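Undergrad: next come a sequence and a model predicted from it.
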Amino acid sequence: MKRQYWIVPSLAAVLGGIGYGVAQNLPPRDAADLRSSVQTAPAPVPAASADEDFTPPTLSDRVSLGYRRKGDENFAEVRVSTVEPFVDGVDRRLVASVADGAVPPVAAASAALAPTASRNPGSNGATAFLTKVAAAGDAAAAADMNAAETADAISPAFEATPLSSRLLDADEPAWQSRFFADNPLVGGIFQGDGNRADAASLIGAARTARYVLLGETHDNPDHHRLQSDIVADLADATADLSLVFEMIPPRLGSAVSAFGTPRAGAIDMDSLADRLEWSARGWPDFSMYRPMFETARREGLAVFPGNLDRDVVSSIAQSGISALSPEMRTRLSLDAPADPEIVADLTEEVRSAHCGLMPEGALATMADAQRARDGAMAAAMIDAAQSGDKAVLIAGSGHVRDDRGVPSILQRTDPEAETISVRMLEVDGKDGDPADYGLKAEMPAPYDFTIFTPRADRDDPCEALRARMEKKAGTVAN
């Protein structure tokens with residue numbers, strides 16, 4: 001961007017006395033030379049001493065000197081600086097150039113920059129100095145432009161920067177999860193059709209949406225860091241934002257009721273995990289989720305429970321949705337017949353999630369329980385958005401699918417509102433093609449955006465589930 005520098009002198013630099021005021025900022029030798037040259041200038045105005053009263057210069061007293069090279073367009077930016085003192089980096093370099101005589105020669109100013117007196121009295125004193133300052137400004141501006149061009153060649157533009165590099169805390173390692181961190185997809189953001197996206201488009205879409213759903217792998221710390229930073233970014237641009245957590249059931253809602261109220265500052269974060277029975281209910285280490293709650297407290301965000309109570313889930317798993325009251329079925333969007341294809345897909349997902357170890361007879365009611373939980377989170381999102389401008393869901397990635405998860409329910413129940421789903425996805429080995437993860441133009445993934453991350457360090461969950469089931473079977477047999 002082209003710049004115009006206006007040189008605005010102090011009282012001591014008004015008219016012919018401008019050189020004296022600047023000379024106070026120069027090394028002794030250069031200052032003496034400059035004072036000597038000013039003495040030959042016509043009608044100098046003496047500088048006021050430190051203990052004399054003086055009146056600041058009026059607009060008519062100010063001297064402006066614009067400069068630009070031939071062919072430059074109108075300046076888009078104007079930099080205003082005072083001759084005394086020089087306050088920023090460009091001005092310090094400028095005065096140093098003038099003092100050291102290190103200004104590149106320019107044809108138009110060659111006479112004025114001559115070290116000896118000229119027949120033209122304006123070639124010394126204030127006129128010469130202003131011309132010299134202008135030449136030094138050109139040199140400084142050119143150096144800035146060259147530096148900026150070099151930086152642009154080395155650093156990617158904001159829109160091309162991976163979301164992780166822009167949002168994650170620079171004081172921490174780029175990734176806490178280390179498996180397959182060298183996969184070329186890590187840190188990349190993609191649309192459902194496999195086209196590459198960027199941080200700006202993701203955050204821009206989230207800012208315009210009423211419902212934002214951030215899907216995670218529960219035990220991956222980087223997923224929670226990304227969620228926390230995205231929420232903080234949204235909070236900066238949204239007057240009223242609420243959070244809904246899959247991890248919190250209604251019976252524990254009192255533990256988070258102070259968030260978003262004047263009482264939020266008194267929330268004891270050290271005891272929050274115990275009050276939420278976090279470990280007892282089987283969720284991963286609370287330290288991964290705590291930054292999100294810290295963000296909510298700091299930004300004044302309300303927090304809502306999004307899940308179902310355990311006794312409700314158990315009754316559905318045993319008897320199906322018929323165990324629910326008509327009012328509850330309506331709230332959970334279970335009062336209409338389910339699409340058989342969606343039910344079949346969800347049943348297969350439940351089978352896979354439980355490593356094929358669950359009895360076939362239990363899968364149908366477990367799929368009903370999953371549908372009920374999606375309905376509970378959708379209802380909580382609608383409630384939360386009524387309390388504010390925007391609601392953000394923190395949940396497992398399966399719940400934020402837009403084909404059969406929470407987004408599909410929101411689209412049916414609040415069709416005028418915009419919904420954005422974002423999936424944090426662990427890379428699998430060295431596969432570096434988005435199509436390997438279901439992001440294809442011919443059959444897009446059921447998420448608006450996918451952010452790739454390394455894989456967390458974990459034991460085989462199927463082995464752990466197998467051990468628990470064998471232990472339970474042994475206990476029943478005895």
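TA: Nice, thanks for sending it over.

Undergrad: so what's the residue lying closest to residue 338 once chain neighbours are set aside up against?
TA: Nearest non-adjacent residue to residue 338, counting by Cβ to Cβ, 6 or more residues apart in numbering: residue 371, 6.7 Å away. Just so you know, the C-beta spots here come from the backbone N, C-alpha and C atoms, and that holds for glycine as well. Counting by Cβ atoms under 8 Å, 6 or more residues apart in numbering, residue 371 makes contact with 321, 332, 334, 338, 346.

Undergrad: how many residues are close by the last one?
TA: Burial of residue 346 is recorded as 24 neighbouring residues (other Cβ atoms under 10 Å).

Undergrad: try residue 239
TA: 8.

Undergrad: what about the closest residue to it other than its chain neighbours, distance to residue 306?
TA: Spatial nearest neighbour of residue 239, chain neighbours left out: residue 389 (5.8 Å); criterion: Cβ to Cβ, 6+ apart. Separation of residue 389 from residue 306 (Cβ to Cβ, to the nearest Å): 18 Å.

Undergrad: which one's more surrounded, those two?
TA: The neighbour count for residue 389 versus residue 306, taken as other Cβ under 10 Å, is higher for residue 306 (28 against 11).

Undergrad: residue 250 is in contact with that one, correct?
TA: No - using Cβ atoms under 8 Å, residue 306 is not in contact with residue 250, being 9.1 Å away.

Undergrad: got the domain ranges for the chain?
TA: According to automatic domain parsing, the chain comprises the domains 3-154, 160-477.

Undergrad: what about the first one, average pLDDT?
TA: The pLDDT scores in domain 3-154 average 47.

Undergrad: stretch 192-203 too?
TA: Mean per-residue pLDDT for stretch 192-203: 93.

Undergrad: then that stretch to PDB, C-alphas only?
TA: Output of stretch 192-203 as PDB, limited to C-alpha atoms (Å, rounded to 0.1, in the frame of the first residue of the first chain):
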ATOM      1  CA  GLY A 192     -17.700 -31.900   2.800                       C
ATOM      2  CA  ASP A 193     -17.000 -32.300  -0.900                       C
ATOM      3  CA  GLY A 194     -13.200 -32.500  -0.400                       C
ATOM      4  CA  ASN A 195     -12.400 -29.000  -1.500                       C
ATOM      5  CA  ARG A 196      -9.900 -27.200   0.700                       C
ATOM      6  CA  ALA A 197     -11.300 -24.400   2.900                       C
ATOM      7  CA  ASP A 198      -9.500 -22.100   5.400                       C
ATOM      8  CA  ALA A 199      -9.900 -20.500   8.800                       C
ATOM      9  CA  ALA A 200     -11.500 -17.400   7.400                       C
ATOM     10  CA  SER A 201     -14.300 -19.300   5.600                       C
ATOM     11  CA  LEU A 202     -15.000 -21.500   8.600                       C
ATOM     12  CA  ILE A 203     -15.100 -18.700  11.100                       C
END
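
Undergrad: and it, what's buried?
TA: Residues of stretch 192-203 classed as buried by neighbour count (16 or more other Cβ atoms under 10 Å): 192, 194, 197, 198, 199, 200, 202, 203.

Undergrad: check these and tell me the two furthest apart.
TA: 194 and 203 (20.4 Å; Cβ to Cβ).

Undergrad: burial count for residue 444?
TA: When neighbours are counted by other Cβ under 10 Å, residue 444 registers 17.

Undergrad: then residue 237?
TA: The burial count for residue 237: 12, using other Cβ under 10 Å.

Undergrad: list the buried ones in stretch 177-196?
TA: By neighbour count with 16+ other Cβ under 10 Å, stretch 177-196 contains the buried residues 177, 179-181, 183, 185-192, 194.

Undergrad: quick one: end-to-end length of it, please.
TA: Length of stretch 177-196, first residue to last, Cα to Cα, to the nearest Å: 23 Å.

Undergrad: next: stretch 292-311.
TA: One end of stretch 292-311 to the other measures 27 Å (Cα to Cα).

Undergrad: could you do stretch 322-336 as well?
TA: Its start and end residues considered, stretch 322-336 measures 12 Å (Cα to Cα).

Undergrad: I'd like the average pLDDT over that stretch.
TA: 92.

Undergrad: any residues touching that stretch, and which ones?
TA: The contact list for stretch 322-336 (Cβ under 8 Å, 6+ apart) reads 312, 315-316, 321, 368, 371-372, 375-376, 378-379, 409, 412-413.

Undergrad: only the buried residues of that stretch, if you could.
TA: Judged by neighbour count (16+ other Cβ under 10 Å), stretch 322-336 contains these buried residues: 323, 324, 328, 329, 331, 332, 333, 334.

Undergrad: rewinding a little: for PyMOL, write a command that selects the buried ones of the contacts of stretch 322-336.
TA: Selection of buried members from the contacts of stretch 322-336 for PyMOL, criterion 16+ other Cβ under 10 Å:
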select buried, resi 312+315+316+321+368+371+372+375+376+378+379+409
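
Undergrad: which of the contacts of stretch 322-336 sit farthest apart?
TA: For those, with distances taken as Cβ to Cβ, the pair at the greatest spread is 315 and 412 (24.7 Å).

Undergrad: for stretch 256-270, which positions count as buried?
TA: For stretch 256-270, a neighbour-count test (16+ other Cβ under 10 Å) marks 256, 258, 259, 260, 264, 267 as buried.

Undergrad: show the average pLDDT along it.
TA: According to the model, stretch 256-270 has a mean pLDDT of 95.

Undergrad: okay, and which of the buried residues of stretch 322-336 map to helices?
TA: Counted as lying in helices by DSSP state H, out of those, are 328, 329, 331.

Undergrad: which of those lies closest to residue 399?
TA: Relative to residue 399, the closest of these is residue 331; by Cβ to Cβ it sits at 16.8 Å.
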